Structure formats: C-alpha cells, structure tokens
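Engineer: the sequence and its predicted three-dimensional model are supplied below.
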Amino acid sequence: MILELLCSAAISQISSGTEIVYKDLGRLTPFGRTVDVYIKNTHGDVPIKLGSNGPGTSVAWWIDGPVWKNHNDDDMDFLLNDPANVEFLEQQIPNFSDWEAGEWWECMQNNPNQTVYWQNTDVPRFYYQTPGIDGLFWGDYETSLQEQDYWWADSWIVMNTPWQQSGNNANTNTVAPEIPQFVGNLVEDDRVIFWAGAAPPNEVGTVLCPPPDENGNFGYPWSWSGELMRFKMYGDDRSWESTEFNNHWRIARITGPDYIGIGGRVTYNPEDADAYYENASAAQIFPDNSCPSDLNEDGTVGFNDLLQVLSDYAGGRYRVDGFNAILKVLSEWGDC
C-alpha cells in the first residue's frame, strides 16, 4: 500500500496535481524498513526536475536517523572511480587545437555545476554497453549485472530501476538522475536540506569547458538552473514511469531511517505545452523500526526471520553486512 501522508509546508502551492507519496516495502533486512519515494501526479506528464531557482524554498528534504546501504560507495562501479573510465576521460581533447590531454577533464572536475561527469555516490549509474556493440564501453559489464542484485534492499536516488536503459536507440547508457556536484550525497544519516535554488559559492550560471578562445569558439556548457535533481527525460520514448503504479515516478529507495519528509517544486515539459511546474506539499512517513529483526512482522524475532536472512545471505543478496545481519537477528531473538 502506498502511504500518502501529507502535511503543510512552506512551499507556495500552484497546483494540486502533484504530490510525494511513499511505498513501505516492509522489513527486507534487520536494518530498518525499506521505503520507495515517488512523485505522483494526476495528469501523467513526465517529471523532468525536482526543485528550481524560483522564489522561496523549492525542495524540503529531511531524513532523520541512520541510513543503511547495501553497498560501499567506494567500491561501486561509478564513472569516476573506475580506473579505465578515468584514464579514457583524462585523454579527451575537445575539438580545439590549443587544448591538451587532461585539460578538459581538469576543467570539468573544477566545475561545481556539473552533473553528468561527476558521479554523485547516491546515484546508481551502471554504465555499460552489451559486449560487441560499437562505441565506448563504460565499466565492467559482468560487474554491472551483478550489482543490480543489490538493489533489492538499499538506499539510492534512483529513477525506476537503476539499470533501466534510456530507450533511445542512439544511447545505451542506463537512466539516472543528475545532481550538482556541490550538493553532495542526499542519502546519508540525518540529512536535512531546505533547497532554495541558490547558486553555489563563487559560481553563477554556466561554466564552459573549454572557455571561449580568441576565435570565439567555446566548449561545452554545463549549466545549473537551480534544480536539486534533473531527471533528463524528455518525451515518452524515454519515460521512467513506474511499471507498478500509473502516474508514479520513483525518485528514491531508502532503508533504515525513522523519518522521511520530502516535498517541493516539480517541473514538467509535456510534448504539447511549454514547460511548467507544480508544487507538491511535503509528505512524511515514520517507518516503524521498533523491532527491525522481526522481518515477517509476527511480533517475535525467531526461526523464520533467521531463515530469511540466511536465505538472502546464501543467495548473495547482501553486498555488505550479511554476517552482521545474522548476528543482529540472533541478538534481538525473542518477543518484540
């Protein structure tokens, strides 16, 4: 069941067609309940941004309590910690004669507005192309396939499934939201942010890599227009609507905390109209983590709960903390 617990927020309401809703997935692990966060609307237009540079607080993002992750950020096959990818990007030279290898990469790394080439560690971006396809091969294909299994209970900022491909025949990259570099990780313990679309320190507007040369040629603009997340989905051919619920778009899966409260401005760009936005009042959920090892929620931590953890552990579903999950069930054995 989707929980739609709405509360008032300091966000000017333009339309009631959009809201934030939650789906409680239950106790999948003994580390707290797992919750999916959705943007839901009444019209079916595809969201393209959360947050903007409009007046007032455009996003409220509040996580209270510990967040459990079924992965180690440092070990994941992200774009920027894969040595082969970094080596490739360090050799890229834009189409300008006076640039040398490494200069474009350095410029991009110093750009706080960039979202594409800086991999925010709360976004699962499984880069791969099926072996045999011409073109650039991001990351390790087999590793990417294995990492998909850890999505079962984890904490991510994510659109639909983390390995969904774009649907664009010219682009085999997987779909992922974009978050400015200076924002940092949104899925952390006790993460609270009231996003007003303010520019990052000492940076306003667009950074060009490379900057304009004496002939007026300029590089690739990496603009930041005030959004907290950019979903970069335009048109039905790249839709990321939930396959489980109509007019729902998942933006996060979070495991562990005792409270989640999210609300804010959502931008749309339907094919038959100009871009517009609607404000979703802040929605909150208080996951019941009073007896986290009672996975089947029968009021007792017992044999069935232990069997579930052992089965998931043996099946390779725990990337981290598998042994600790077993110990946690044993330590909380008995009536809740």
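Structural biologist: Cool, got the structure. Numbering: from 1, shown residues only.

Engineer: buried set for the strand or helix carrying residue 279?
Structural biologist: Using DSSP states H and E, residue 279 sits in strand 276-285. Along strand 276-285, the positions that meet the burial threshold by neighbour count (16 or more other CB atoms under 10 Å) are 277, 278, 279, 280, 281, 282, 283, 284, 285. For every residue, glycine as well, the C-beta is placed using N, CA and C.

Engineer: can I get those in CSV including pLDDT?
Structural biologist: Formatted as CSV, the buried residues of strand 276-285 follow (pLDDT from 0 to 100):
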residue, pLDDT
277, 87
278, 91
279, 90
280, 91
281, 85
282, 86
283, 94
284, 96
285, 97
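
Engineer: quick revisit: note down every partner strand of whichever helix or strand comes after the strand holding residue 279 and its orientation.
Structural biologist: Using DSSP H and E, the helix or strand that follows strand 276-285 in sequence is strand 300-301. If you go by DSSP bridges, strand 300-301 pairs up with strand 334-335 (antiparallel).

Engineer: torsion angles phi and psi at the residue nearest to residue 242 when sequence neighbours are not counted?
Structural biologist: Residue nearest to residue 242 in three dimensions, not counting chain neighbours: residue 248, with 4.2 Å by CB to CB, 6 or more residues apart in numbering. Main-chain torsions, residue 248, degrees, to the nearest 10: phi -120, psi 140.

Engineer: residue 248: what's it in contact with?
Structural biologist: Neighbouring residues of residue 248 by CB atoms under 8 Å, 6 or more residues apart in numbering: 2, 21, 38, 39, 40, 241, 242.

Engineer: now list the buried members of these.
Structural biologist: 21, 38, 39, 40, 241, 242.

Engineer: mind picking the two most distant members of these?
Structural biologist: 21 and 241 (13.9 Å; CB to CB).

Engineer: what packs against the strand holding residue 279?
Structural biologist: With contacts defined as 3 or more CB pairs under 8 Å, 6 or more residues apart in numbering; DSSP states H and E, strand 276-285 has these neighbours: strand 18-29, strand 32-41, strand 259-268.

Engineer: which one of these lies nearest to residue 321?
Structural biologist: strand 18-29 (8.0 Å).

Engineer: what ranges does the chain have for its helices?
Structural biologist: For the chain, applying DSSP state H gives helices covering 83-90, 103-109, 141-147, 303-314, 322-331.

Engineer: ok, the residue nearest to residue 150 when sequence neighbours are not counted - contacts?
Structural biologist: Leaving aside its sequence neighbours, residue 150 sits nearest to residue 319 (CB to CB, 6+ apart; 4.4 Å). Contacts for residue 319 (CB under 8 Å, 6+ apart) come out as 70, 71, 72, 147, 150.

Engineer: pick out the most distant pair among those residues.
Structural biologist: The farthest-apart pair in those, when distances are taken by CB to CB, is 72 and 147, at 11.3 Å.

Engineer: which of those two has more neighbours?
Structural biologist: residue 147 (20 against 10; other CB atoms under 10 Å).

Engineer: which pLDDT value goes with that one?
Structural biologist: With respect to pLDDT, residue 147 has a value of 65.

Engineer: now for residue 35, how many residues are close by?
Structural biologist: The number of residues near residue 35, taken as other CB under 10 Å, comes to 21.

Engineer: where does the stretch 51-200 of the chain dip in pLDDT?
Structural biologist: Scanning the stretch 51-200 of the chain for pLDDT under 70 picks out 53-57, 74-86, 89, 93-97, 108-121, 124-148, 162-175, 181, 197-200.

Engineer: if I look at the nearest residue to residue 42 once chain neighbours are set aside, how far off is residue 289?
Structural biologist: The shortest distance from residue 42 to any non-neighbouring residue, by CB to CB, 6+ apart, is to residue 17 (4.7 Å). Residue 17 sits 33 Å away from residue 289, taking CB to CB, to the nearest Å as the criterion.
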